[in-house]
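Enquirer: Only the shape, not the letters, is given here:
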């Protein structure tokens, strides 16, 4: 589909130069509409503190977070578990999920949100993001759109997240101590900071538990901490952890 490929190339060129949220939102709106959808939503789920950028009606997004819908949203739940894009529809003939989830979809449809496609993105250290394009059309047209440009849709979600994440990291402006810890030391500390044990961390990274202990001890000494807990706190204070 040459039009989709052309729109994707323009998207790549534009996103390289985006420097603020307004630019990112404008670019996302444009590619969404060019690919045949009406709205987009980029949701990041990090430590139970979701952040959203979208073109949905503000009345819907305000209601969504005020009522904690991210906890029951079937699309978000699927995005946590799946690796590749999937389609969804609120008005499917054979409704699935709990009564609460079906009611959620019914309410979304009152705002015109009937169907869409979501690209799940694993951000590392248990964090998840999702890029969604949706429409006020029933599911069949969405399936056709996905069939025509599946690869482009997948890449749009990944590119958008990668550039947004890089922008966020630049804005964080880490303080003193940048580069003082090795990549492995940071990796071990990041998992410990998220409540993982030494054994858990060893499995997640693919190294021996004693090697995890070695890296944690090195990090503790480098940050002049008395304990690993204090080391984690100091690394967080300096904004060294991802």
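Expert: That came through, no problem. Since the structure is predicted, the reported quantities are computational estimates derived from the model, not experimental observations.

Enquirer: Show me the strands in the protein, by range?
Expert: 39-45, 51-54, 86-89, 115-124, 127-135 (DSSP state E).

Enquirer: Below-threshold pLDDT in this protein: ranges please.
Expert: Residue ranges of the chain with pLDDT under 70: 1-2, 46-49, 91-97, 170-179.

Enquirer: Walk me through the domains of it.
Expert: The record's domain parsing of the chain by automatic domain parsing lists 2-172, 183-237.

Enquirer: ends of the shortest one, how far apart?
Expert: In other words, domain 183-237. One end of domain 183-237 to the other measures 18 Å (C-alpha to C-alpha, to the nearest Å).

Enquirer: Which strand residues bridge the residue nearest to residue 45 when sequence neighbours are not counted?
Expert: By the measure of C-beta to C-beta, 6 or more residues apart in numbering, the closest residue to residue 45 outside its immediate chain neighbours is residue 128, 4.9 Å from it. Any C-beta I mention is one placed from the backbone N, CA and C, and that applies to glycine too. When bridges are called by DSSP bridges, residue 128 pairs up with residue 45, residue 122.

Enquirer: Isn't residue 128 up against residue 79?
Expert: Yes: the pair residue 128 / residue 79 is scored as a contact, 6.1 Å apart, by C-beta atoms under 8 Å.

Enquirer: These two - which one has more neighbours?
Expert: residue 79 (24 against 18; other C-beta atoms under 10 Å).

Enquirer: how close does the more buried one get to residue 198?
Expert: To residue 198, residue 79 is 30 Å away according to C-beta to C-beta, to the nearest Å.

Enquirer: now do residue 45
Expert: Counting by C-beta to C-beta, the gap from residue 45 to residue 198 is 26 Å.

Enquirer: Next: residue 136.
Expert: Computed as C-beta to C-beta, the residue 136 to residue 198 distance reads 51 Å.

Enquirer: Among those two, which residue is more densely surrounded?
Expert: residue 198 (17 against 14).

Enquirer: any idea how far that one lies from residue 9?
Expert: 47 Å.

Enquirer: Give me the residue at the spatial middle of this protein.
Expert: Centroid-nearest residue in the chain, with C-alpha atoms, centre = their mean: residue 129, separated by 1.2 Å.

Enquirer: List the contacts of that residue.
Expert: Applying C-beta atoms under 8 Å, 6 or more residues apart in numbering, we find residue 129 in contact with 42, 43, 44, 45, 120, 121, 123, 161.

Enquirer: Generate a PyMOL selection restricted to the buried subset of those residues.
Expert: The buried subset of the contacts of residue 129, as determined by 16 or more other C-beta atoms under 10 Å, is captured in PyMOL by this line:
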select buried, resi 42+43+44+45+120+121+161
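
Enquirer: okay if I get the contacts of residue 129 as TSV plus distance to residue 180?
Expert: Shown next, in TSV, are these (distance: C-beta to C-beta, whole Å):
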residue	distance to residue 180
42	33
43	33
44	28
45	30
120	34
121	30
123	24
161	28
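
Enquirer: Tell me the one of the contacts of residue 129 nearest residue 55?
Expert: residue 42 (9.9 Å; C-beta to C-beta).

Enquirer: OK, contacts around the closest one?
Expert: 28, 52, 53, 54, 129, 130, 131, 132, 160, 161, 164.

Enquirer: how about a cut-off of 10 Å?
Expert: 24-25, 28, 51-55, 119, 121, 129-132, 157, 160-161, 164 (C-beta atoms under 10 Å, 6 or more residues apart in numbering).

Enquirer: likewise residue 154?
Expert: Here residue 154 is in contact with 84, 85, 117, 119, 120, 121, 131, 146 (C-beta under 10 Å, 6+ apart).

Enquirer: Make CSV from these and add distance to residue 73 to it.
Expert: Formatted as CSV, the contacts of residue 154 follow (distance: C-beta to C-beta, whole Å):
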residue, distance to residue 73
84, 19
85, 17
117, 15
119, 15
120, 13
121, 16
131, 15
146, 20
